[in-house]
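Visitor: Fold the following for me, if possible:
(one chain, ligands or ions: 3)
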Amino acid sequence: MARFSALVAFVALGAAVGVTAQEPNCARNYTVQLGDTCNSIAAAQNVPTLQLEEVNADKIDADCSNLALGEPLCLGIIGQDCNVTHVVASGDTCSSIAGAAGIKFSLLLTNNPNIDDNCDNIGIGEVLCTANTTIVQ
Ligand SMILES: *[C@@H]1O[C@H](CO)[C@@H](O)[C@H](O)[C@H]1NC(C)=O
Ligand SMILES: *[C@@H]1O[C@H](CO)[C@@H](O)[C@H](O)[C@H]1NC(C)=O
Ligand SMILES: *[C@@H]1O[C@H](CO)[C@@H](O)[C@H](O)[C@H]1NC(C)=O
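Guide: Ligands and ions are numbered 1, 2, ... in the order given. Below is the predicted model:
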C-alpha cells in the first residue's frame, strides 16, 4: 500500500511539472504573450520558426494554433540554439537570403532542414536560421 501511494504521488508530481516547467537545458526561456503567433515570437526573438516548433513539439500543435497566454516555452536548447535569423519576405529566394547573410547556400539548407532542395517551399513570415556555423547536424 505504501509503495502504491508513493507511485501515485510520483506520477502526479511528474504531470504537474510537465505542465509548468521550463526545460532545464534551455538556452532561452520565453513566456507566451497576448497576440503571439509562432512566426511573431520567432521574428521578435531571433529564433527559427522550425526550431521554436520542434523544441516545443510537446506543447505546440502542427498549425501552431494552440499557444496559451502565459505558457512557458523554450526558444532553443543549449548548444543547438540558432539565434541568427532572417524573416522571409516577398520575393526572397534561398540564394538571396544566403547572399544577404553572407553564408553558403548549402549551409542555409543544412540549418533549415524543412527547406527542400529546390527551395520552393519557404513561406512569407517564416523565420529561417542564417547562422554561419552548422547548428543542425
Ligand atoms: C530556463 O528555465 C529553467 C527552468 O526554470 C532553468 O533551469 C534555466 O536555467 C532557464 N534558462 C535560462 C537561460 O534562464
Ligand atoms: C547566439 O549564440 C551564440 C552561440 O550559440 C552565443 O555565443 C551568443 O551569445 C548568442 N547571442 C545572443 C545575442 O544570444
Ligand atoms: C562565414 O564563414 C565563412 C567561412 O568561415 C567566411 O568566409 C564568411 O566571411 C563568413 N560570413 C560571415 C557573414 O561572417
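Visitor: Only C-alpha atoms from now on, for both contacts and neighbour counts.
Guide: OK.
Visitor: Does Ser90 touch Ile124 like I think?
Guide: Yes: if you go by C-alpha atoms under 8 Å, Ser90 and Ile124 touch, sitting 6.0 Å apart.
Visitor: Between the two, point out the one with more neighbours.
Guide: Neighbour count, other C-alpha atoms under 10 Å: between Ser90 and Ile124, Ile124 has more, with 13 against 8.
Visitor: So that one versus Gly91, what's the distance?
Guide: For Ile124, the distance to Gly91 (C-alpha to C-alpha, to the nearest Å) stands at 9 Å.
Visitor: so Val88 sits right up against Cys129, yeah?
Guide: No: the criterion here is C-alpha under 8 Å, and Val88 misses it with Cys129 at 10.6 Å.
Visitor: Settle it for me: which of these two has more neighbours?
Guide: Using other C-alpha under 10 Å as the criterion, Val88 and Cys129 rank with Cys129 on top: 29 against 18.
Visitor: how about that one, what does it touch?
Guide: Residues near Cys129 by C-alpha atoms under 8 Å, 6 or more residues apart in numbering: Val47, Pro48, Cys82, Asn83, Val84, Thr85, His86, Leu108, Asn111, Asn112.
Visitor: since we're on the fourth one, how many residues are nearby?
Guide: The number of residues packed around Asn83, counting by other C-alpha under 10 Å, is 18.
Visitor: how close does it sit to Pro48?
Guide: Here Asn83 is placed at a distance of 8 Å from Pro48 (C-alpha to C-alpha).
Visitor: mind checking how far Asp58 is from ligand 1?
Guide: 16 Å (C-alpha to the nearest ligand atom, to the nearest Å).
Visitor: cool, Pro48 as well?
Guide: For Pro48, the distance to ligand 1 (C-alpha to the nearest ligand atom) stands at 17 Å.
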